[in-house]
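Asks: here is a sequence together with a model predicted from it:
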Amino acid sequence: MLGAFRSAFATPDLRKKILFTLGIVAVYRLGATLPSPGVSYPNVQACIAEVEQGENQSVYALINLFSGGALLQLSIFALGIMPYITASIIVQLLTVVIPRFDQLKKEGQSGQTKLTQYTRYLTIGLAILQSTGIVALADRGGMFGNCDKPIIPDSTVYTLAVIVIVMTAGTAVIMWLGELITERGIGNGMSLLIFTSIAARIPTEGGAILTNQGVMVFVGICVFGLAIIASVVFVEQGQRRIPVQYAKRMVGRRMYGGTSTYLPLKVNQAGVIPVIFGSSLLYLPDLISRLSGNADSAFNRFVQTYVSDGASWVHIALYFLLIVFFTYFYVGITFNPEERAEEMKKYGGFIPGIRPGRPTAEYLQFVLSRITLPGSLYLGVIAVLPNFFLGITSAGNNQNFPFGGTAVLIMVGVGLDTVKQIESQLMQRNYEGFLR
């Protein structure tokens, strides 16, 4: 592996890409620590300290995770990459509902450019909505629970509007930084920024566990975390390879086909999207109860006792079932067996023992439904793992288990994808890569 790193930095163009990516990541982390204008930084830090000693702010956990802790600090990059992720998911789902989007998807590069433009516009709109809601909650004092320190001392309309504009502009800058990494750096820019945000929180959470629980618990969690990462890597690489045979055909004077290949169906075909869907839907009751302001109502008491409490069995069961449901839902939308069967039939491909056309589509649907079940169970188990360790890692503080759920899924996926891209760059230059 050290030889692969040496080979990567010895190649001028590859070294330039890696250093450019690291520079963009440093700029992103710098922006995540700069407070927005009009926000009292000392009061924010004091309220964060009170939150860590008190109630669990699970309603903000997902956005705060993707922003690397920038949300609760109300920095200029407070929203992180979450508006872009939401916009991308919405546009991807709309390709199934809106025929125009489906047509653009089939047009190739030009259509994809148009869909990317729509995604950017929708990202800005979602950023305005999310920043407005966050600023309103911070101004009302509902963002940090019972903290009575003023987060925004001058809560005039002008100041609040400036904070919303700055946070929205921060989201646009993050989009630009991610696209720069994709074009001139290594790996997928948006994914690397998410990876950086999540990785930035691990030392803080690990240090808190070491301070509060001691060396033995910290070492045990690190060993268990490595086992989780190894198992996630194993499952993420797992796939069902369906053999596909292409018949020989003449095009002009040349013969094409006659080759054997395979159609890979991953065990985790849906990626981390079901976890994001399940988390977002599970946070809605908590958000509604906080906005209502009536803490003594039966609905709010039920939500705070069972739904918002991460250690509650009701919360864990609902989270698990939502992930399983959204896994089947998302796989059913993104993978169309009938389209794959028609494409194979068009180019003379067939699965040995299965007739082309409808029988091939039925066979692909059967295999996909069988392989989606273990994939959904795997996602559910990995996602709820932090909830089982809240009692061990918290000890009265709001510390999360750092090796589980959305964090480890994203980090492993992005890490594998980035390593593969560097590997391909090295193989093009006849260097031995990381994966041996």
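Replies: On my side now, so go ahead.

Asks: what are the contacting residues of whichever strand or helix holds residue 91?
Replies: Taking DSSP states H and E as the definition, residue 91 sits inside helix 82-97. Helix 82-97 is contacted by residues 62-63, 66-67, 101-102, 104-105, 115, 118-120, 122-124, 126-127, 130, 171, 174-175, 178, 190, 194, 273, 276-277, 333-334 when judged by Cβ atoms under 8 Å, 6 or more residues apart in numbering. Backbone N, C-alpha and C define where each C-beta goes, glycine included.

Asks: one more pass at 6 Å, please.
Replies: For helix 82-97, contacts defined as Cβ atoms under 6 Å, 6 or more residues apart in numbering pick out 63, 66, 101-102, 105, 115, 118-119, 122-123, 126-127, 171, 175, 333.

Asks: what's the distance between that helix and the middle of its chain?
Replies: When distances are taken as Cα atoms, centre = their mean, to the nearest Å, helix 82-97 is centred 13 Å away from the chain's centroid.

Asks: now do the next helix or strand after that helix and helix 82-97, the angle between them.
Replies: Using DSSP H and E, the next helix or strand after helix 82-97 towards the C-terminus is helix 99-106. Calculated by axes from the mean of the first three to the mean of the last three Cα atoms, to 10 degrees, helix 99-106 forms an angle of 100 degrees with helix 82-97.

Asks: list the buried ones in helix 99-106?
Replies: Within helix 99-106, the residues that count as buried by 16 or more other Cβ atoms under 10 Å are 101, 104-105.

Asks: show me how far that helix is from its chain's centre.
Replies: With Cα atoms, centre = their mean, you get 25 Å for helix 99-106.

Asks: what's that helix packed up against?
Replies: Contacts defined by 3 or more Cβ pairs under 6 Å, 6 or more residues apart in numbering; DSSP states H and E place helix 99-106 against helix 82-97, helix 109-140.

Asks: Throw those helices into TSV and include mean neighbour count, thanks.
Replies: As requested, the helices and strands packed on helix 99-106 are exported to TSV (neighbours: other Cβ atoms under 10 Å):
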stretch	mean neighbour count
helix 82-97	19
helix 109-140	16
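
Asks: out of those helices, which gets the lowest mean score?
Replies: The minimum mean pLDDT among the helices and strands packed on helix 99-106 belongs to helix 82-97 (a mean of 84).

Asks: that helix to helix 109-140, inter-axis angle?
Replies: Using the same axes, to 10 degrees: helix 82-97 against helix 109-140 is 130 degrees.

Asks: dump helix 82-97 to PDB, restricted to CA.
Replies: Taking Å, rounded to 0.1, in the frame of the first residue of the first chain, the C-alpha atoms of helix 82-97 are listed here in PDB:
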ATOM      1  CA  MET A  82     -28.100  17.900   2.800                       C
ATOM      2  CA  PRO A  83     -30.100  20.200   0.500                       C
ATOM      3  CA  TYR A  84     -28.300  18.900  -2.600                       C
ATOM      4  CA  ILE A  85     -28.800  15.300  -1.400                       C
ATOM      5  CA  THR A  86     -32.500  15.900  -0.900                       C
ATOM      6  CA  ALA A  87     -32.800  17.600  -4.300                       C
ATOM      7  CA  SER A  88     -31.000  14.800  -6.100                       C
ATOM      8  CA  ILE A  89     -33.300  12.200  -4.600                       C
ATOM      9  CA  ILE A  90     -36.400  14.200  -5.500                       C
ATOM     10  CA  VAL A  91     -35.200  14.600  -9.100                       C
ATOM     11  CA  GLN A  92     -34.300  11.000  -9.300                       C
ATOM     12  CA  LEU A  93     -37.800  10.000  -8.100                       C
ATOM     13  CA  LEU A  94     -39.500  12.400 -10.400                       C
ATOM     14  CA  THR A  95     -38.000  10.700 -13.400                       C
ATOM     15  CA  VAL A  96     -40.400   7.900 -12.700                       C
ATOM     16  CA  VAL A  97     -43.400  10.200 -12.400                       C
END
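
Asks: want to try CSV for the buried residues of helix 99-106, with pLDDT and distance to residue 379 as columns?
Replies: Below are the buried residues of helix 99-106 laid out as CSV (pLDDT from 0 to 100; distance: Cβ to Cβ, whole Å):
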residue, pLDDT, distance to residue 379
101, 84, 27
104, 85, 30
105, 81, 25
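
Asks: tell me the one of these nearest residue 25?
Replies: residue 105 (30.7 Å; Cβ to Cβ).

Asks: separation between the closest residue to the closest one other than its chain neighbours and residue 110?
Replies: In this structure, residue 105 finds its nearest non-sequential neighbour in residue 95, 5.1 Å apart by Cβ to Cβ, 6 or more residues apart in numbering. Residue 95 is 15 Å from residue 110, where distance means Cβ to Cβ, to the nearest Å.

Asks: what's the answer for residue 333, then?
Replies: 23 Å.

Asks: can you tell me the SS state at residue 243?
Replies: Three-state call for residue 243 (DSSP: H, G, I helix; E, B strand; the rest coil): strand.

Asks: now the strands for the chain?
Replies: In the chain, the segments counted as strands under DSSP state E are 239-246, 249-251, 254-256, 260-266, 349-350.

Asks: mean confidence for the last one?
Replies: So that's strand 349-350. According to the model, strand 349-350 has a mean pLDDT of 84.

Asks: re earlier: please identify which pair of the contacts of helix 82-97 lies farthest apart.
Replies: Largest separation among the contacts of helix 82-97 by Cβ to Cβ: 63 and 102, giving 30.1 Å.

Asks: pull the helix or strand with minimum mean pLDDT from the protein.
Replies: When the helices and strands of the chain are compared on mean pLDDT, DSSP states H and E, helix 390-394 comes out lowest with a mean of 50.

Asks: perfect, I'm done here.
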